[in-house]
Each structure stands twice: as structure tokens, then as C-alpha cells.
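Colleague: sequence below, structure please.
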Amino acid sequence: MRQISRRDALIVGGLGTAATVAGAAGLWWSLTSPQQPAGVGGGAAPVQGAELRGPAELRSADGLLQLTLDAAPGGVELGGRRASALCYNGTVPGPTLRLRPGDELSVRLENGLTAPTNLHLHGMHVSPEADADNVFRTVLPGQGFDYRYRLPPDHPPGVYWYHPHHHGMVADQIFAGLFGAIIVEDPEAIPVSTERVLLVSDTTLDSAGNIAAVSPMERMAGREGELLLLNGQSNPLLTSAPGARERWRIINTCVARYARLRLDGQQLQLLGMDSGRSPEPETVDELLLAPGNRADLLVTAAAGEAVLQALRYDRGAMPGMMGRGPVRAGGASALATFRVIGSTAIPTDAVTPGAATSRPAQEDLRTAAVAARRQLVLSMGAGLRGGGGGMGGMMRFTINGREYSEARTDTTVTAGTVEEWALVNTSPMDHPFHLHVWPMQLIDDNGRAAGSVVMRDVVNVPANGRATVRIAFRDFSGRSVYHCHILDHEDLGMMGVIEVR
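Modeller: Sure, this is the predicted structure:
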């Protein structure tokens, strides 16, 4: 793989100052692929109804999971159409990594792209320093890096994910296919008949089957792709038997799309979201996953056919926005079809609905001593972009009035303390707020006090709204980041640096 040139860096970066001035508007790098058949690519209807495929899985053994992740262009099927995407180990999504609390994860990341990249374990409570979850590290094209992560013995079980986090290129690389799931197993397995790992993504293909260019307006609004996918498929088929109980691990990997999910006619019980876990399964009719959120769900199958719907969600709009905005016209989209047929599943201890293990009560930070209270204001407005770029006409995306700078530390925290943060959104669009390494306990959601312990690593802050969280800065010190998980907004500057010491 050739070394990246300055021209390539500007084109691929897209969101960097020089790239925007030059008019870069999306994924302009060349993704080598076979000649596309007639009708494949932009404008062709996605192929629907194929049996759901699960990602490949890699499991730890004797306390270690060691693997290589090759990030490189590749030819894959997306929505049943041949596409040139960016892949981990040749697939979209990448392999699912299964770990246990206390495990060591060793990942050799090989960069076969024409742009810099790196690796972030989203939601994982691991060190942000050195060769662990260090988002300031750069892996150049043609080079590799050895990441090593040690999970604490009490790491929360649940569903997490991994993706690139090289500033300025995050949205482009995820939109093109670089993402995969991580499962941290329960100490005691929850008995189910089937477990599914379900990654929601979206993208847009051009007429040649390449990832389509994205306009500056779409970046500022937060892009939403024309193809809505589940494990890289369009409306795949899931089959089950009446009475069977399944466990669905759902991840919203979209750059900006909110996943508002319904599965009418089926019994849904929520085990938890992000790293949080309810003491008992909670019956739900609908789930809202902001970009980056995950859900751990029990589904008890009822005879018939149901559609897993992604319903319309209004996340607001930029003032004076022209053309296509972040909210699509229409109602629901079919994310998957769930067909329940055949004989009733034979009741056993493995699938009895009441067999889910209750969870011990989580620590409640509402009663903790608070060492500091802070306010973080998420704003967007017209004006020149900062950092010496002088980008007239581009919207500014800031936290406390400042765009991201790796060289600047925005928030310094004393290790071992608990802080309370007021997250204030002064813009007319929702901003999902993500803090790396240290999970947040939601205290107040836009004026509604949380009635229980609600743990998140992505907290949606509604347009012109606010949320209050408390964070225990324990176990790890070092520098990391917090940002809007509309990943275009992060790349455009809505990110800050935190140092715990």
C-alpha cells in the first residue's frame, strides 16, 4: 500500500480545513472494485428478504483474545448489491469480539487504507493511555499498531462496539463500513434459544457501487444514508418458532440516524442499554437508540410475521437549511422481517421466560459526594471556523464556544472523584453526548428526574434542551475525549479533551 500523499490526505480527510476549502464533499478516495453489473449501484432497489447473516465471531480463551484487524477497501454486498466499501478483515460489519471481564484484548491494527486511521472501543471501561483506547494515536497508511486492553474484573457485561476515531475522518470511515460489535459476557449466561448480534447502519452507493460523495450541507446536518441496513443487509429475514426466546444485541452504528425501533405483536423485554443493566427485564413497546447507543433485548416469539420497524424520528434541523434535511419524509422503514412459524417451542429451563437472572443493584451516584459541577454547552452557529482555517460560510460546531483542538485540554478532573455535568444544547438539533472510558449516570433528562439508576455512555441532549449526568472518574487516569455522536458534528469540531489525573 502506497504512502499517503498530501493531496490524498486533503481529499480523504474531507472535513479538514484545506479539504473543505477545496470543496471536498465526501468519500472521494478510489475504492478498487470489480466492474459492476448493469443495474447495480446508485438507483437500483436494494435486494430484500435474504436470511439474516451474523458477523463472524472471535472468542477469548484462557483470559486472552488476540487478533489482527485489517482495515482496507474491499468488495462486499450491501443491501444485496455489490459495493466497494471499507472493511475490517474483508467484511461489513467486522468480526464480533466476545470477551469476559478481566480478559486481555490484543489487537494488531493494519492500515490498508489511503488515509490515517486508529481504533476506539466504544463504551468500554478501559485505559485511555499508551497502547489502549488512545484516540490521539495515528496509524498511517501501510503501517500497523499493536493495541492492548485489559478489562477490569468487574467490567459491566453487555454489548459494545469498535470503530475508527481519527479526528476529521470518523464519519467517512464508519459510513464506508468500518465497525464491529464487542460482547462482554455475563458471569452467568442468560438462557435463550438463539442469540443475535444486530448492527444497524446506513450508507449511500453511487452508480458504480462506491460509497457516495456527501455534500457540505449533509455533513453539517449529519448525513443519513439512502440504504438502511442490518448486518449489511436490507430487510433480512429472521425466523423462529412460537414460544422461543431470543436475545438480540442491537447496536446503532449510524453516523447520524436515530434508530426508533418497534416490533409489534412480539414480547420485548429490555435487559439494558449501553453499559447499564436493569435489575429485572423491563417490558417495552419501543426503543430509541441515538447514534452509538446499544440495547440488550429479550424477544419471546409469537406466531405470525412481524416487521422490525425503524420509525421516523425528528432530531431537528439547521436554521435556514435548504434541500434534504436530516429528517426523511414518510413514516417507518422495514429494518428486518421476523417470521415465527412451525410448532410451539418445547418449554425447557433454557427458554422459560422467567429464567433471566436478576442483576444486583448498581451504585447510585445520586447519593455520592460531588467534587465539582460543570456546564458543557453544545452549540452550532454561522461564522468562520476556528483553528486558523478561516472557512467562511461553514457552520461552527462547538462545546463551550470552542472547536476541538488536540493540543488543548478543556476539562481537568481529579482521579477518584465524582462530578456532575449539566449538558446544555442551545441548538435546534439534538446532540447525543458521548464520554469515552467513564460511564455516565443520567440524573435529569430535560426536566424529568431519573427514577432509577440509568447508566449510559451516550446521552441524547434534545434540541434547545438539557440533561444532567454524574460520573465516577475511577480506575483509570489519562487524556481522552467527549463529543457529539452525530459523527459529522464531531469531525466538524464538537469535541473536547478531558484529562483525569
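Colleague: do you know how far the residue nearest to residue 492 when sequence neighbours are not counted is from residue 456?
Modeller: Among residues not flanking residue 492 along the chain, residue 397 sits closest, at 4.4 Å (CB to CB, 6 or more residues apart in numbering). Any C-beta I mention is one placed from the backbone N, CA and C, and that applies to glycine too. Taking CB to CB, to the nearest Å as the measure, residue 397 falls 21 Å from residue 456.
Colleague: what packs against the helix or strand harbouring the residue nearest to residue 492?
Modeller: Under the criterion of DSSP states H and E, residue 397 resides in strand 395-399. If contacts are counted by 3 or more CB pairs under 8 Å, 6 or more residues apart in numbering; DSSP states H and E, strand 395-399 sits against strand 372-382, strand 478-484.
Colleague: circling back: out of residue 397 and residue 456, which sits in the more crowded spot?
Modeller: residue 397 (27 against 24; other CB atoms under 10 Å).
Colleague: I'd guessed that one sits against residue 494; true?
Modeller: Yes: at 3.9 Å, residue 397 counts as touching residue 494 under the criterion of CB atoms under 8 Å.
Colleague: anything in contact with each of these two?
Modeller: Residues touching both residue 397 and residue 494 (CB atoms under 8 Å, 6 or more residues apart in numbering) are 380, 403, 484.
Colleague: highest neighbour count among these?
Modeller: In those, the most neighbours by other CB under 10 Å go to residue 484, 31 neighbours.
Colleague: go ahead and confirm it touches residue 494.
Modeller: Yes: under the criterion of CB under 8 Å, residue 484 makes contact with residue 494 at 4.1 Å.
Colleague: shared neighbours of those two, anything?
Modeller: Listed as contacting both residue 484 and residue 494 by CB under 8 Å, 6+ apart are 378, 397, 431.
Colleague: which one of the residues you listed is nearest residue 423?
Modeller: Set against residue 423, the nearest of the shared contacts of residue 484 and residue 494 by CB to CB is residue 378 (7.0 Å).
Colleague: quickly note the distance from the closest one to residue 196.
Modeller: 34 Å.
Colleague: ok, these two, which is more surrounded?
Modeller: Shown here are residue 378 and residue 196; by other CB under 10 Å, residue 378 has more neighbours (24 against 19).
Colleague: which residues touch that one?
Modeller: Residue 378 is in contact with 398, 399, 423, 424, 425, 426, 427, 431, 433, 461, 484, 494, counting by CB under 8 Å, 6+ apart.
Colleague: for the residue nearest the centre of the chain, what are its contacts?
Modeller: In the chain, the residue lying closest to the centroid (CA atoms, centre = their mean) is residue 292, at 3.0 Å. Contacts for residue 292 (CB under 8 Å, 6+ apart) come out as 122, 123, 252, 432, 434, 457, 458, 485.
Colleague: from these, which would you call buried?
Modeller: When the contacts of residue 292 are checked for burial by 16 or more other CB atoms under 10 Å, the buried set is 122, 123, 252, 432, 434, 457, 458, 485.
Colleague: quick check on the last one: phi, psi?
Modeller: Residue 485 adopts backbone torsions of phi -90, psi 10, taken as degrees, to the nearest 10.
Colleague: check contacts around it.
Modeller: Taking CB under 8 Å, 6+ apart as the definition, contacts of residue 485 comprise 290, 291, 292, 432, 433, 434, 458.
Colleague: again, only this time at 6 Å
Modeller: Residue 485 makes contact with 291, 292, 432, 434, 458 under the criterion CB atoms under 6 Å, 6 or more residues apart in numbering.
Colleague: mind listing the helices for this structure?
Modeller: Taking DSSP state H as the criterion, the chain contains helices spanning 6-13, 17-21, 170-175, 216-221, 487-491.
Colleague: chain center to the third one, what's the gap?
Modeller: Relative to its parent chain, helix 170-175 has a centroid offset of 11 Å by CA atoms, centre = their mean, to the nearest Å.
Colleague: packed most tightly, which of the helices and strands packed on strand 395-399 would that be?
Modeller: Neighbour counts (mean count of other CB atoms under 10 Å) averaged over each of these peak at strand 478-484, with a mean of 23.
Colleague: hmm, who's touching that strand?
Modeller: The contact list for strand 478-484 (CB under 6 Å, 6+ apart) reads 128-129, 135, 431, 434-437, 490, 494-499.
Colleague: of all pairs in the residues you listed, which one is the farthest apart?
Modeller: Largest separation among the contacts of strand 478-484 by CB to CB: 129 and 431, giving 27.2 Å.
Colleague: more neighbours: the two, which one.
Modeller: Using other CB under 10 Å as the criterion, residue 129 and residue 431 rank with residue 431 on top: 31 against 15.
Colleague: I'd say that one and residue 462 touch.
Modeller: No: applying CB atoms under 6 Å, one finds residue 431 not in contact with residue 462, separated by 8.6 Å.
Colleague: which one of the shared contacts of residue 484 and residue 494 sits closest to residue 247?
Modeller: Nearest to residue 247 among these, with distances taken as CB to CB, is residue 431, at 30.8 Å.
Colleague: quickly list what that closest one is bridged to.
Modeller: residue 461 (DSSP bridges).
Colleague: dump the residue contacts of it.
Modeller: Neighbours of residue 431 in contact, by CB under 6 Å, 6+ apart: 378, 425, 461, 484.
Colleague: ok, those residues vs residue 144, which is closest?
Modeller: Using CB to CB, the contacts of residue 431 come closest to residue 144 at residue 484, 30.0 Å.
Colleague: let me know the pLDDT of the closest one.
Modeller: With respect to pLDDT, residue 484 scores 98.
Colleague: before we move on, what about residue 100?
Modeller: Residue 100 is given a pLDDT of 98.
Colleague: just checking, it touches residue 185?
Modeller: Yes: in this structure residue 100 lies within contact range of residue 185 using CB under 6 Å: 5.1 Å.
Colleague: more neighbours: which of those two?
Modeller: residue 100 (18 against 15).
Colleague: show me what contacts that one?
Modeller: Counting by CB under 6 Å, 6+ apart, residue 100 touches residue 185.
Colleague: redo that, cut-off 8 Å
Modeller: 60, 63, 151, 184, 185.
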